[in-house]
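Enquirer: quick check, what structure comes out for this input:
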Amino acid sequence: MLASLKPYWRRWLARRIPAAASVRLDQRRIFILPSGVGAAFGLVLLLMLVAAINYQNSLAYGLTFLLAAIFVVAILHTYRNLAGLVLKAGGGTAVFSGEQAIFRVRLESLGREHQAVALGWPPTPLRQVDVAAKGLTEVELSLASERRGWLQPPRLRVESRFPLGLLVAWSWVDLDQAVLVYPQPLAGELPLAAGAGEDEEDGVQARGQGADDFQGLRGYQPGDSKRRLAWKAYSRGHGLQVKDFAMLAGRDLWLDFDSLAGDVETRLSRLCHWVLQLAERQQPFGLRLPGLTLEPDQGDGHREACLRALALFGESA
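Expert: Numbering: from 1, shown residues only. Sure thing, here's the model as predicted:
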C-alpha cells in the first residue's frame, strides 16, 4: 500500500515544493511532528494527568500543565529553527561511474542563527551543521554513482530537532542540481601506432606520414601496448619495461566506436580509458561516435569534450 502511495506523495511534493536552485524554508515547506522522544513524553504527561485527577493533587496538576506548556513552546522553537533558512545548490564535479559524486549545498541565514540542522539522503546518516546569524555554511554530500550520464539526486531531507528533541521539523527539498558521470574506464591495451605508414588496430586509426622517435625504456604500466614491451631487457633481468617514443609527428590518432567489439557500455569504457591515456601523454587524437565526430586535438578542453560525449552517448545532452 505504501509503495502505491509514493507516486501521489511525489507529485504532491512537486506541487508544494517545486524544484529550484534556491529554496527558502517557510510555513508552506516545513512539516513538524513529535519525535519518538516526544511521543513518549506525551504518554508520560497523559499518565501524570490521570494520576492527578485520581488523587486530586494540585502539585501533580501544576507539574503536568507546566510540562505540557514546555512541549507547546518547543513546537514554536523547533519550527523557528528551520524557518527562514535558505538552501542553495553549490554544484558538483564530474566523476567516473562507481565513484562517489559530491554535491555542494550552501545554507544561508537571512537573520537569526540556525542550530543543529541535519541534511542528507536517507537511509545514509544525515550531516549536522550550525549556521551563524546572517552567515553562510557549505556542506559536501556524497552519493554513489551507478551509471554514466547525468546523476540527479533525490529530494534532500532537511530536519531539526533543536532545542529539546521532543519534535522533529523537516522538509524535502529539490535543489535541481546534477553531476555528470563519465563511463568507468576499462583498462586494456592502448595501441599507439609505432612506425610509419597507415595503421588501424583495435579501434585506433592513424593516418598520414611520420615516425616515432625512440626515447628509451620505462617501467610497464597497465594499459601499455604489449607490442611495445622490451623483451630483450626483460630477458636480461631488468624487469618488465616498454619502449617509449616521442609524440607522433604528422599523424592523427582516431578512437572509433564502430571498430571495437563488445556491448555499448564496454566500448564506451574502453574509449574512456584511451581518452585518459592519450590526454595524459599530450597526444592529439580524435573521437568517432555514431552521429558525432570530434576532430583531433589535445588539451584539457578536448579531453573534457570527449569524456562528456562518452558520458551522454545515447542520451539527450
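Enquirer: against residue 172, how distant is residue 39?
Expert: Distance, residue 39 to residue 172, using Cβ to Cβ, to the nearest Å: 22 Å. Placement of C-beta: from N, CA and C, glycine included.
Enquirer: who has more neighbours, these two?
Expert: Neighbour totals were compared for residue 39 and residue 172, and residue 172 leads with 17 against 13 (other Cβ atoms under 10 Å).
Enquirer: show me what the more buried one is bridged to.
Expert: residue 157 (DSSP bridges).
Enquirer: any chance you could map the strands in the stretch 151-300 of the chain?
Expert: 156-160, 167-173, 179-182, 199-201, 204-207, 214-219, 241-245, 252-256, 285-289, 292-297 (DSSP state E, counting those that start in this stretch).
Enquirer: which strands and helices lie in contact with the second one?
Expert: Read it as strand 167-173. When contacts are defined as 3 or more Cβ pairs under 8 Å, 6 or more residues apart in numbering; DSSP states H and E, strand 167-173 packs onto strand 31-34, helix 58-82, strand 156-160.
Enquirer: mind checking how far the residue nearest to residue 294 when sequence neighbours are not counted is from residue 272?
Expert: Using Cβ to Cβ, 6 or more residues apart in numbering and skipping the chain neighbours, the partner closest in space to residue 294 is residue 287 (4.4 Å). Taking Cβ to Cβ as the measure, residue 287 falls 10 Å from residue 272.
Enquirer: what's the overlap in contacts for the two?
Expert: residue 310 (Cβ atoms under 8 Å, 6 or more residues apart in numbering).
Enquirer: now do the contacts for the spatially most central residue of the chain.
Expert: Central residue of the chain (Cα atoms, centre = their mean): residue 101, 2.3 Å from the mean position. Going by Cβ under 8 Å, 6+ apart, residue 101 touches 92, 95, 142, 143, 144, 145, 151, 179, 181.
Enquirer: just the buried residues out of those, in PyMOL syntax.
Expert: Here is the PyMOL selection string for the buried members of the contacts of residue 101, based on 16 or more other Cβ atoms under 10 Å:
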select buried, resi 92+95+142+143+145+151+179+181
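Enquirer: distance check, residue 45 against residue 77.
Expert: From residue 45 to residue 77 the distance is 18 Å (Cβ to Cβ).
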